[in-house]
Each structure stands twice: as C-alpha cells, then as structure tokens.
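Student: Turn this into a structure:
(one chain, ligands or ions: 1)
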Amino acid sequence: MRLLSDFDGVWTHPRLEASVQASLLDAALIRAVDASQRDAARAWIAAARRTVLAEPWRYGWAPGGRLSCFADEDPFAEHSALLYAITRASASDPLAAAIREGAERASGLSLEDFGGKLHHEAVRQVEETRGPSMLTESVTAGHQMIDAGIDIVMVSNSGNDKLDRWFSSVGFKHTPHPHAAPGALRLRGHAQKFALDETRSERMHLGALDIEVARPKYEAILREEAPGAVVGDVFSLDIALPLRLKRSDPAWKHVRLFWLTRDYAPARMRREIEAHAPEVECIDDGLPGVAARLLAGIEER
Ligand SMILES: [Mg+2]
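Tutor: Got it, this is the predicted structure:
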C-alpha cells in the first residue's frame, strides 16, 4: 500500500510562512514604485487582496496566466493571486503597471518568479527564527503508517532541500527519489503539480467548481507511482487530477482520495465537493485521520 502525500499543509501548518511572505511581498511591491506613489500603491495592494478573496474563483496561482489553484485554497495562494491581479490590471491600470514594472526591474525577474523568490525567502526567515516546524501529530501518524508497512512518498512542489531539512529536524528517516530504504519515506520534491499543459486544457466541473486537470508533470508521477491513496490540502493542486484518474481509469478505481480540510479550506469548495465528488474523503482531523482510515482498512484484510 502506497500513500502519495503532499507536504506543506499536511505535515505543517503554513500560517507563519505565509504571513511572513505577505509582509515581504507587500513591502517589496510598495518599495518598487516611486516614493510619491507609495501610499497609493499600498492602498491598491490592500484593495487587490480584498478583491482576490472576494472572487477567489477568478484569481489564484496562475503560472503562465492560467489558474492552477484558487486564491482561497491555502494561505500561500492569496499571494500568488495578488500577483495575478497585478498582472491582469497592468494592461489598463497605470498604478498596477508601475508596481509590476518596478518589481520586475528591481528584481530582474518576471512577477511570477519574483513571487517565488519571496516565498523561498519567507521560508528561510521562518526557519532561521523559529526553525522548521513539523506538526507533531503528523510525524506520529507518519511513523504509525510506516510501521504498518505503508510506503509514503512525498510529492511536493517544495524542493527536496526544504523537505530534507524539515524531516531531518524531527529525525524522520527519508531518502531522495528514486532511492528507497526500509522504514524511510521517499522525497519527490519540485513535483510541479501546478504546471498546466501548454498544449491543451481539460476542465473538471464539480457543481460550481471549474478546475483545470491537464497537469502533465503531476500525471506522470501519479501514473508512475500507482498509489493506493493520495492526500493533500489544496484540492485543485493535489486531489482534482487523481479524482479524474479515479473516474476514468479502471486501475485507479480503488484509490482513496483524502482532502485534508484545514482551517483555511474554503467552505464554498467543500460544499461542492461533498455534493458532487462523494469519492473524495474530507478529513477534518489531519494526517492522524488519514492514518486511522488506512490502518482500519489494513486490519480488515
Ligand atoms: Mg499543500
């Protein structure tokens, strides 16, 4: 039995990393414009943050300009959504254009890469001041599952460097893919679950939700790993494509899909998923809830 697990939001709670990222990002964006425009830029950014959360289905993490996840799906997504809002507005709004151009000029990066860089900087600052912070309950649940013979593979957009540091901080045995070791979880970082197919689009409709599932990098990993279960906290990034496979590929019929509904899980998405995707198990009690369900399944056999 193999469990493919997301990392951020499953083994961690990202509130502190995301709030540091918010401060760094807003400060850098405001600094990027002329001093005479800074108050206006600050107000523009605050209004844009309200807009993206008021209409989260229109904004989100949009690498290359297509929505990969919605603005309200986790605390990081709002920051990506802000950058997307700036990009969209910059065609017609001079202040948005000034913010975008200033940030790109100051960093020498696209707005998207600029956001990625500040994300890494926020993680670094949190690690330096507080240290890596694994959820104790997730670590305990991870050990229980491994002891029961479950093969855990971390499939994360974060890189193996972060995963290595964070699992090492609690002495959790791990090994980088493709190496495997008994009793160790295997790390597949930089999974790019967010990467959408540039040549095609495939939409999954669940009631009012309209989610892109043409994610070739994630699909290649899913097919190669052939898991018995998948767990993640961001439905669009982690669960939507496995659900499409479960619905369309007989080999995936019995794969269990666990959506960890953290305190930030959008109620609007939960309503639609419970109504239109009963195959998805909404888990309110974190990774221990997943472990309990999987271990009960093993004992039954
Ligand atoms: Mg996550």
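Student: Find the nearest non-adjacent residue to whatever residue of the stretch 201-301 of the chain ends up closest to the ion, please.
Tutor: At 4.4 Å from the ion, Asp233 is the closest residue in the stretch 201-301 of the chain, using C-beta to the ion. C-betas here are computed from N, CA, C, even on glycine. Leaving out its chain neighbours, the residue that sits closest to Asp233 by C-beta to C-beta, 6 or more residues apart in numbering is Gly9, at 3.5 Å.
Student: before we move on, what SS does the closest residue in space to Phe258 that isn't next to it in sequence have?
Tutor: Closest residue to Phe258 apart from its sequence neighbours, by C-beta to C-beta, 6+ apart: Val231 at 4.1 Å. Of the three states, Val231 takes strand according to DSSP: H, G, I helix; E, B strand; the rest coil.
Student: Look up the residues forming beta bridges with Val231.
Tutor: As for beta bridges, Val231 partners with Ser5, Phe258 under DSSP bridges.
Student: related to what we said a few turns ago, wait, the residue nearest to Asp233 touches Leu260, no?
Tutor: Yes - the criterion here is C-beta atoms under 8 Å, and Gly9 meets it with Leu260 at 6.9 Å.
Student: the helices in the stretch 1-150 of the chain, which residues?
Tutor: 15-31, 38-54, 77-89, 94-107, 111-129, 136-147 (DSSP state H, counting those that start in this stretch).
Student: in the last one, what's buried?
Tutor: Right, the one you point to is helix 136-147. Within helix 136-147, the residues scored as buried using 16 or more other C-beta atoms under 10 Å are Ser138, Val139, Ala141, Gly142, His143, Gln144, Met145, Ile146.
Student: Same question for the longest one.
Tutor: Judged by neighbour count using 16+ other C-beta under 10 Å, the buried positions of helix 111-129 are Leu111, Glu112, Phe114, Gly115, Leu118, His119, Ala122, Val123, Gln125, Val126, Glu127.
Student: Distance to Val153 and pLDDT added to those residues, as JSON lines?
Tutor: Putting the buried residues of helix 111-129 into JSON lines (distance: C-beta to C-beta, whole Å; pLDDT from 0 to 100) gives the following:
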{"residue": "Leu111", "distance to Val153": "32", "pLDDT": "94"}
{"residue": "Glu112", "distance to Val153": "28", "pLDDT": "92"}
{"residue": "Phe114", "distance to Val153": "31", "pLDDT": "95"}
{"residue": "Gly115", "distance to Val153": "27", "pLDDT": "94"}
{"residue": "Leu118", "distance to Val153": "29", "pLDDT": "96"}
{"residue": "His119", "distance to Val153": "23", "pLDDT": "94"}
{"residue": "Ala122", "distance to Val153": "26", "pLDDT": "95"}
{"residue": "Val123", "distance to Val153": "22", "pLDDT": "94"}
{"residue": "Gln125", "distance to Val153": "29", "pLDDT": "94"}
{"residue": "Val126", "distance to Val153": "25", "pLDDT": "94"}
{"residue": "Glu127", "distance to Val153": "24", "pLDDT": "94"}
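Student: Also within reach of the ion: list those from these.
Tutor: Residues of the buried residues of helix 111-129 in contact with the ion (C-beta under 5 Å from the ion): none.
Student: Mind picking the two most distant members of those?
Tutor: The distance between the two most remote of these (C-beta to C-beta) is 25.0 Å, for Leu111 and Glu127.
Student: hang on, Glu281 in a helix?
Tutor: No - under three-state DSSP, Glu281 falls outside any helix and is assigned strand.
Student: what sits against the closest residue to it other than its chain neighbours?
Tutor: Leaving aside its sequence neighbours, Glu281 sits nearest to Phe258 (C-beta to C-beta, 6+ apart; 5.2 Å). Phe258 sits next to Ala229, Val230, Val231, Gly232, Val280, Glu281, Ile283, Gly289, Val290, Arg293 when contact means C-beta atoms under 8 Å, 6 or more residues apart in numbering.
Student: and with 6 Å instead?
Tutor: Residues in contact with Phe258 (C-beta atoms under 6 Å, 6 or more residues apart in numbering) are Val231, Glu281, Ile283, Val290.
Student: just Ala208 next, same as before
Tutor: Ala208 touches Glu272, counting by C-beta under 6 Å, 6+ apart.
Student: any idea how far it lies from Tyr264?
Tutor: Taking C-beta to C-beta, to the nearest Å as the measure, Ala208 falls 19 Å from Tyr264.
Student: now swap in Glu272 and tell me
Tutor: Distance of Glu272 to Tyr264, computed by C-beta to C-beta: 17 Å.
Student: same question, Ala41
Tutor: 27 Å.
Student: With adjacent residues omitted, what lies nearest to Glu78?
Tutor: Ala71 (5.5 Å).
Student: got any ranges where the protein has weak pLDDT?
Tutor: Counting by pLDDT under 70, the low-confidence segments of the chain come to 300-301.
Student: Lovely, talk soon.
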